[in-house]
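# Structure of the sequence below:
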Amino acid sequence: MSKAVVVRQAGGPEVLSYEDWPLASPGAGQVALRQTAIGLNFIDTYQRSGLYPVNMPFVAGNEGAGVITAIGDGVTGLEIGQRVAYQGQIGAYATERLAAADRLVPIPDGIDDQTAAAIMLKGLTAYYLLFKTWPLTRGETILWHAAAGGTGLIATQWARSLGATVIGTAGSDEKVQLALDHGCNHVINYKTEDFATRVRALTEGRGVDVVFDGVGKSTFEGSLDCLRPRGLMVSFGNASGVVTIPDITVLSRKGSLYVTRPTGAHYLNRREDLLEGAASLFEAVATGVIKVRINETFALAEAGAAHRALEGRETTGSVILIP
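Prediction:
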C-alpha cells in the first residue's frame, strides 16, 4: 500500500486527497519505485482542473525520482537499488508507484534525487524547445516568458550558453532580478511595461527570432508583435488560459509568422530521444551550464498548498514535493 495524492473529481486544489492507494507487483515492462522526490509542474494543475482530461480517479503528478525496489518480466538494463528519474508518467504524487521501465532514466553520480526530480520535465521541455523545435544558433535573439519560473530559469541559462541574446519577462522586481541572475540579457517586468514595445526597442525594431511562451492566453497577442517577419511563436503552456486563433490571417498581417504547439509526448516518444535529451540535460547541470534552483519544498501531503502557490504565481524556480 502506498500513500498518494488522489484526484476523484476535477476542480481546484481542494480536490487533492492524501490517502492510501493500492500498489500491485510490477507487471511485464514495469518496475516498482520508492520515490524520494517529486516535481511540481503546471501540467499537474491542468489535469487536476479538468483542462487536460484524465480518467478518474487518478494519482496526480508527472515527474519524480526514486529507487527501484522490484522489477517485472522483460525489463533489462535496470536493477534493484538503482536511482532513476522520469517525466511524463502520471501518478507521481505517491510514496511508491509502478512505472514503465522504458521511460526511466538512470540518475548519474553527482546529481542528487531532488535535482533530478526538479529538472526532468522542465529541463527536457527546455531541451526539445531549444534543440529540436527551434534549433537555436549563436547570434539569434529570443523572448522567454515567465523567465523566473522553473522551466524559464533552466532554459534561459541554456540558451545563453548557446550564444543567444535572451530577453525574458517576469511579474515582479524580485523575479526580474532572479531572471537576470540566471541567463537573461534583459528582463521586462510585464506589470509595469508593455513587453512588446520594450522588445521592439531592445531589438532596434527588428523583433526576436522566436518567442517561447508557457503563459498562454494573456501573452499570445503581444508575443506575435515581438516577432521578426517569418519568426516562430512557440506556445507550450496555458498558465493564463488556452490560446485560440479565431482569424489565422493575423499571422500573415504580422509578418508571415509561424506558430507551433509542441509537447514532450511527441519529441521524447522514442526511448533514444529521451535518453539523448536526458544525457544533454544532465551534462549541462553537471558542468554548471545550468544551475538548478529549488526554492521551496512541500510535504507530499501538502500538495494542495503547493498547487495554490504555483497557480498564484507565488513560486520561483523549481518546487519539490517530499514523500
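
# Enumerate every residue touching Thr165.
Taking Cβ atoms under 8 Å, 6 or more residues apart in numbering, we find Thr165 in contact with 139-142, 185. To be clear about C-beta, it is placed using only N, CA and C from the backbone, and glycine gets the same treatment.

# now do Ser318
39-40, 118-119, 122, 150, 153, 292-295.

# Pull out the buried members of the residues you listed.
For the contacts of Ser318, a burial check counting by 16 or more other Cβ atoms under 10 Å picks out 39-40, 118-119, 122, 150, 153, 292-294.

# that older thread, return the closest of the contacts of Thr165 with respect to Gln47.
Ile142 (28.5 Å; Cβ to Cβ).

# Pull the contacting residues for the closest one.
Counted by Cβ under 8 Å, 6+ apart, Ile142 has contacts 136, 159, 164-167, 208-212.

# Out of the residues you listed, name the ones that lie in helices.
Per DSSP state H, helices hold the following members of the contacts of Ile142: Ala159.

# Using JSON lines, please lay out the contacts of Ile142 together with distance to Ala306.
Compiled in JSON lines, these are given as follows (distance: Cβ to Cβ, whole Å):
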{"residue": "Leu136", "distance to Ala306": "31"}
{"residue": "Ala159", "distance to Ala306": "27"}
{"residue": "Ala164", "distance to Ala306": "32"}
{"residue": "Thr165", "distance to Ala306": "34"}
{"residue": "Val166", "distance to Ala306": "28"}
{"residue": "Ile167", "distance to Ala306": "29"}
{"residue": "Val208", "distance to Ala306": "33"}
{"residue": "Asp209", "distance to Ala306": "35"}
{"residue": "Val210", "distance to Ala306": "31"}
{"residue": "Val211", "distance to Ala306": "28"}
{"residue": "Phe212", "distance to Ala306": "24"}
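
# Throw the contacts of Ile142 into CSV and include pLDDT, thanks.
As requested, these are arranged in CSV below (pLDDT from 0 to 100):
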residue, pLDDT
Leu136, 97
Ala159, 98
Ala164, 98
Thr165, 98
Val166, 98
Ile167, 98
Val208, 98
Asp209, 98
Val210, 98
Val211, 98
Phe212, 98
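
# Helices of the stretch 51-200 of the chain, residue ranges please.
113-128, 150-161, 173-180, 195-202 (DSSP state H, counting those that start in this stretch).

# looking at those, which is closest to Glu314?
helix 173-180 (10.7 Å).

# Output the contacting helices and strands for that closest one.
helix 150-161, strand 165-170, strand 186-189 (3 or more Cβ pairs under 8 Å, 6 or more residues apart in numbering; DSSP states H and E).

# what sits up against stretch 285-296?
Residues outside stretch 285-296 that contact it (Cβ under 8 Å, 6+ apart): 108, 110-111, 114-115, 118-119, 123, 153-154, 157-158, 161, 178, 182, 281, 283-284, 309, 315-320.

# so what pLDDT did the residue lying closest to Ala299 once chain neighbours are set aside get?
Computed as Cβ to Cβ, 6 or more residues apart in numbering, the closest residue to Ala299 that is not its neighbour in sequence is Ile322, at 5.8 Å. Note on Ile322: pLDDT of 98.

# Quick one: mean pLDDT for stretch 177-189?
Computed over stretch 177-189, the mean pLDDT rounds to 95.

# for stretch 24-40, same thing?
Rounded mean pLDDT across stretch 24-40 is 97.

# Show me which positions of stretch 308-323 end up buried.
309-311, 313, 315-321, 323.
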